[in-house]
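*Asks:* Predicted structure and sequence below. I'll ask about it afterward.
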Amino acid sequence: MSTDTIVAISTGGTNSGINIIRISGEEAKVIISKIFNNSEKLSHQKIIYGKIIDPETTETLDEVLVSCFVAPNSYTGEDVFEINTHGGRRVTLDVLNLVIKNGARIAEAGEFSKRAFLNGKMDLSKAEAVIDLINSKTKVQKQIAVNQLEGGLSEKVKNIRNALIELIAQIEVNIDYPEYDYEELSKNALKLILERQKDNIYALIRSRDEGKFIKDGIDLAIVGGTNSGKSSLLNQLANEERAIVTDIEGTTRDIIEESLVIGNLLVNVSDTAGIRETEDIVESIGIKKSLEIIEKVDLIIYMIDSTKGIKEKDEEIINEIIEKKIPVIICVNKIDISREMVLSIIENLPKDALKVGISAKTGEGIEKLKNAIQDKFDTTAFDNKQDKIIVNERHKSNLEIALQHLNKAIECVEREESIDISAIEISETISELGKITGEITSEDIVNKIFEKFCLGK
Amino acid sequence: MIEYKDKDYEVIVIGGGHAGIEAALAAARLGKETAMFVMNLDSVANMPCNPSIGGTSKGHLVREIDALGGQMGISADTCFIQSKMLNVSKGPAVHSLRAQIDRKKYNMYMKNVLENQEHLDVIQSEVIEIIADNKQITGVKTKTGAIFGTKTVVVATGTYLKGKVIIGEVSYESGPDGVFPANELSNSLINLGIELRRFKTGTPARINIKTLDLSKMEVQKGDSEVTPFSFSNEDNEELQKVEQIDCYLTYTNEDTHKEIMDNIDRSPLFNGSIESVGPRYCPSIEDKVMRFRDKERHQIFIEPMGKDTGEMYIQGMSSSLPEEIQKKLYKTVEGMEDCRFMRSAYAIEYDAIDSTNLTLGLKYKDYTGLYFAGQINGSSGYEEAAAQGLIAGINAARSLENLPEFTLDRSEAYIGVLIDDLVTKGTNEPYRMMTSRAEYRLMLRQDNADLRLTEKGYDIGLISEERFSKYLAKKESIKNELERIKTVKVKADDKTNDILRANGSQEITRGTNLNELLKRTELSYEILAPLDEERPELSKAVKEQVDIQIKYEGYIKLQQEQINRFKKLEEKKIPEDLEYNKISGLSLEARQKLTKQQPINVGQASRISGVSPADISVLLIAITQFLKSNKKG
């Protein structure tokens, strides 16, 4: 196994006072002994106070706490050291660079978890939950990630799988022991059971779609005419709390400017809307094209400059948007210049559209806008839903394949196809679900047959 | 004892049961000088339990054995007294052939086949020692002091090794059906370093038919049209003329269950005097009653032991209760009130090996020339035994010519599933084949066993030229008919729609091809005959293939894709000198299991219990790195 040593800032962001730099790998101990003055005191599960000193310049970078975990009894199963820095962002980055200079490399996203997984420290579904946890950006997200980690998804999938195993055992017993007087399932009974489990799988997939807003955030496009105040609005929204996204600044994509946290909601100002590249998408690429873009987002903020009134184009686009049922909030800007003007424009806008008067310049109405955004995606409800399960991409694809097989099984039953054909599809469903929980099928069915039925000479 | 040197053979088979026979015949037919040692010549090919061959998934095994050039199918066709295709209402993948067999005739017929086989000697003598020199087999020694030289031995001792029969409080050393047990060979195996364990099985009593009131039971008849096991009998009209004998069905009742409950403390299974592992699918009647208390009655099938005997096998009433209780118990059953025992039910314990020490070709990994087949490997059933015997015999013969092992994988045959399960997963109870164990059963049908395996059998050298050319003709004929039927146009006229309507099928409004109609569940090749005037004269078997292959085309394609995925991991070979202990990411359990079992490919590794999907990811990475660094080095 390749065991080069990796390092990353494992706390959320570099702006907080205390940050943790995690180092894992064969060289971790050597590196620590070069840069930490109290390294000889370190032993398994001890936390030692000392100084990080650059061995070349003998300059002290920070006073830190270092905790030590000796392989294999660590998170990754390798030697792991965690440096708790106190000096804020600049110092944390300096210490990180020092570690890299002395032989480590920056970890890829989720690489600690990957190592933990490869070293047999966690199963696949846990590892993925941890990766989600690392990447999780808001409070709700973290809760859900924790829930999945504790096996919420596994549990649900297992229940579905077990129900199908019971069913197939009942089918198989009649195939393998045709002369025994075990009742064969009627077409309707079979269908009923299959459809119940189909609903359950559906629910899990749906929970992903709902959960997607929490997990990946909502995609927002700010649309409007030239100089209607789009950039100013973005700055207002972003001002308060910049999104914290990655382990280490600069090592990942520059989402920072585009992701905002509004209340409990992660908001990605959609790049596809081209707000940064193109000053005025409506005018530069035309209404048709801009509608194509905004169709892909979860929410549109449409900006109207109240000093210029509602233009024909504005009306056209707003009507399109409403017709297409794309969630939209219309912001009428420059309330600081004329409140009356704003109100009269709001009067003239479609009744069922959500409208907010704001000043992108002074910040007036921004709080109201934020509330409106949050109301649109009522995620506070998730705060109380402890059992909400987030399904990641892999699980989703497993669930979708399972669903396809289950649908085919139901079709087979409806067409009164012979039972061995339906059984193939049911078995496929079971084994696809097993990919989520890491279980293998054939022996499970055989065991169930003998557990449930009395057979033999 | 004074020893003496006797003849040298190339292959020696220990045991003349279903496994031993196939092994000995295969080796001899491949031209190897072979000897088969049996405890008692009158017990060759004995059926000490149910007098039938085949059944669900077991019928598949018999047809596969036949397609590879084995004997069981032909012998069963010669000696059957009732033939039945099971599961006909359930689709072709699970159709299973079963035949009641005249037990004595089977014994005599097989003995005759063995006696007349070129290159084969059948010898009644107890082998007490397998001789090896530096992990290479060199010979065997018999109880009477004869030493036979050989480079290969197939051990197929069934339930004879340290056999112990248990009937209630009574137990004694014995093989099945009152034949002597083989007590000394166990020690020889232990001396070779082979670990043994105790397995258990059982059989019900045999009752004289004249003491049964059959009028109180349901009659179970065979099929009016007999399906042969052997593909070589596909056109054999003689089989249709065989006079079939009925079986009967009756049930246990409250009185039976009460009798058992009242005496359960006298059952060695429950009072702890039998500790060995018995199979779940073969529970004794006391097991069934105790475990499934709310089941009001259990089925009992009465099967004839032969044409010339009144002995009846009482399936469903296997027991190790004391004889006295057994007799009372049987008398509670309807139609059995006055029954009289000819043989009592008994349980039997025997030595078996840990099958995970074998290769997929059934060679014991630590030795050159040592093969195991049948019940000693932890399987149960005549068909499972025969299948292993065939593979072990083939490979013993091949090893003498330094040919690679012949193996079948899980996508090729039930035999592949059986051996992979035994060798890769291992078993803690006597292993029975079941269709639900096969992942790809739509491909592994009993009807296409010849299409799957005849070419392999031919390449090995067990299929004659004559049979092979017959097979090729059949294959060609299927191919042509499949192509032809796709070009047959069907008009949307009254003639067509009358036929469709008559068969409950939706009428057509536009012309179509015949194969499209054939895909409908409710239609068949036969039903559509009137719409297909140019249809050539074809055998029943060919028509069946055309019907199935078109009807299930979509599913067959789907399953083929699954097989392709499966094959990917099977084709990832594990380098022989890969050291699992040096792969840091593997869990401890995986490291130990992989080191012990030495799987040949990643697919096999993934089926070893205790090896997790995470271990497999690690293994895949490790293999890639290993191959890379070897290339560099």
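*Replies:* That came in fine, so what should we check first? These numbers were taken from a predicted model, which means no experiment stands behind them.
*Asks:* For residue 228, the count of nearby residues, please.
*Replies:* I went with chain A, as the question did not name one. A total of 27 residues lie near residue A:228 under the criterion other Cβ atoms under 10 Å in any protein chain shown. To be clear about C-beta, it is placed using only N, CA and C from the backbone, and glycine gets the same treatment.
*Asks:* my question was about chain B
*Replies:* Using other Cβ under 10 Å: residue B:228 sits among 24 other residues.
*Asks:* name the element the residue lying closest to it once chain neighbours are set aside belongs to?
*Replies:* Distances taken as Cβ to Cβ, 6 or more residues apart in numbering or on different chains put residue B:77 closest to residue B:228, at 4.8 Å, once the chain neighbours are dropped. When elements are assigned from DSSP states H and E, residue B:77 belongs to helix B:72-79.
*Asks:* which helices and strands does that helix pack with?
*Replies:* strand B:52-54, helix B:58-67, strand B:96-101, helix B:103-116, helix B:382-399 (3 or more Cβ pairs under 8 Å, 6 or more residues apart in numbering or on different chains; DSSP states H and E).
*Asks:* what's the pLDDT at residue A:130?
*Replies:* pLDDT for residue A:130: 57.
*Asks:* Wasn't residue A:352 part of a helix?
*Replies:* No - using DSSP: H, G, I helix; E, B strand; the rest coil, the secondary structure at residue A:352 is coil, not a helix.
*Asks:* count of neighbours near it?
*Replies:* Neighbour tally, residue A:352, other Cβ under 10 Å: 6.
*Asks:* And residue A:401, by the same measure?
*Replies:* Residues contacting residue A:401 under the criterion other Cβ under 10 Å number 16.
*Asks:* What of the one 5 residues further on?
*Replies:* Applying other Cβ under 10 Å, we find 26 residues neighbouring residue A:406.
*Asks:* In what element of secondary structure is it found?
*Replies:* helix A:393-414.
*Asks:* where do the strands sit along the stretch 301-450 of chain B?
*Replies:* Assigned by DSSP state E, counting those that start in this stretch, the strands in the stretch 301-450 of chain B fall at B:311-315, B:341-343, B:346-353, B:370-372.
*Asks:* Centre of the chain to the last one, how far?
*Replies:* The chain centroid and the centroid of strand B:370-372 are separated by 18 Å, computed with Cα atoms, centre = their mean, to the nearest Å.
*Asks:* separation between residue B:186 and chain A?
*Replies:* Using Cβ to the nearest Cβ, to the nearest Å, one gets 27 Å for the distance from residue B:186 to chain A.
*Asks:* Do you know the pLDDT at that residue?
*Replies:* pLDDT, read off for residue B:186, is 97.
*Asks:* residue ranges with poor pLDDT in the stretch 301-450 of chain A?
*Replies:* For the stretch 301-450 of chain A, the stretches with pLDDT under 70 are A:378-394, A:438-450.
*Asks:* What is the next helix-or-strand element following the helix holding residue A:406 packed up against?
*Replies:* The helix or strand immediately downstream of helix A:393-414 is helix A:419-437, counting by DSSP H and E. Counting by 3+ Cβ pairs under 8 Å, 6+ apart, the packing neighbours recorded for helix A:419-437 are helix A:152-176, helix A:187-215, helix A:393-414, helix A:442-452, helix B:553-571.
*Asks:* Looking at the ones you listed, which is nearest to residue B:290?
*Replies:* Of all the helices and strands packed on helix A:419-437, the one in closest proximity to residue B:290, counting by Cβ to Cβ, is helix A:442-452 (14.4 Å).
*Asks:* Turn the helices and strands packed on helix B:72-79 into TSV, including distance to residue A:74.
*Replies:* Formatted as TSV, the helices and strands packed on helix B:72-79 follow (distance: least, Cβ to Cβ, whole Å):
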stretch	distance to residue A:74
strand B:52-54	57
helix B:58-67	51
strand B:96-101	54
helix B:103-116	64
helix B:382-399	47
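*Asks:* For those, give me CSV that also has mean neighbour count, distance to chain A and mean pLDDT.
*Replies:* As requested, the helices and strands packed on helix B:72-79 are exported to CSV (neighbours: other Cβ atoms under 10 Å in any protein chain shown; distance: least, Cβ to the nearest Cβ, whole Å; pLDDT from 0 to 100):
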stretch, mean neighbour count, distance to chain A, mean pLDDT
strand B:52-54, 28, 10, 97
helix B:58-67, 30, 10, 98
strand B:96-101, 28, 8, 97
helix B:103-116, 18, 15, 98
helix B:382-399, 30, 13, 98
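*Asks:* Of all the ones you listed, which one comes closest to residue A:82?
*Replies:* Of these, nearest to residue A:82 by Cβ to Cβ is helix B:382-399, at 56.6 Å.
*Asks:* tell me the angle the closest one makes with helix B:72-79.
*Replies:* 130 degrees (axes from the mean of the first three to the mean of the last three Cα atoms, to 10 degrees).
*Asks:* Against which helices or strands is helix B:382-399 packed?
*Replies:* strand B:11-14, helix B:18-29, strand B:52-54, helix B:58-67, helix B:72-79, strand B:152-155, strand B:370-372, helix B:414-420.
*Asks:* Compute the distance from the centre of the longest one to the centre of its chain.
*Replies:* Relative to the centre of its chain, helix B:18-29 is centred 15 Å away, using Cα atoms, centre = their mean.
*Asks:* same check, this time on the fourth one
*Replies:* Centroid displacement of helix B:58-67 relative to its chain, using Cα atoms, centre = their mean, is 8 Å.
*Asks:* packing partners for it?
*Replies:* helix B:72-79, strand B:96-101, helix B:382-399, helix B:414-420, helix B:449-460.
*Asks:* The last one too?
*Replies:* Contacts of helix B:414-420 with other secondary structure elements, assessed using 3+ Cβ pairs under 8 Å, 6+ apart, are made with helix B:58-67, helix B:382-399.
*Asks:* Tell me, what's the model's pLDDT at residue A:63?
*Replies:* 86.
*Asks:* Also the one 3 residues further on?
*Replies:* With respect to pLDDT, residue A:66 scores 92.
*Asks:* Now do the contacts for the residue lying closest to residue B:307 once chain neighbours are set aside.
*Replies:* Nearest non-adjacent residue to residue B:307, counting by Cβ to Cβ, 6+ apart: residue B:102, 5.1 Å away. Contact analysis of residue B:102 by Cβ atoms under 8 Å, 6 or more residues apart in numbering or on different chains lists B:51, B:79, B:80, B:81, B:305, B:306, B:307, B:308.
*Asks:* still on that earlier bit, winner for burial among the helices and strands packed on helix A:419-437?
*Replies:* helix A:152-176 (a mean of 21; mean count of other Cβ atoms under 10 Å in any protein chain shown).
*Asks:* quick one: it to helix A:419-437, angle?
*Replies:* 160 degrees.
*Asks:* Which secondary structure elements does helix A:152-176 sit against?
*Replies:* Using 3+ Cβ pairs under 8 Å, 6+ apart: helix A:152-176 touches helix A:124-135, helix A:187-215, helix A:419-437, helix A:442-452.
*Asks:* Try it again at 6 Å.
*Replies:* helix A:187-215, helix A:419-437, helix A:442-452 (3 or more Cβ pairs under 6 Å, 6 or more residues apart in numbering or on different chains; DSSP states H and E).
*Asks:* Cool, thanks, talk later.
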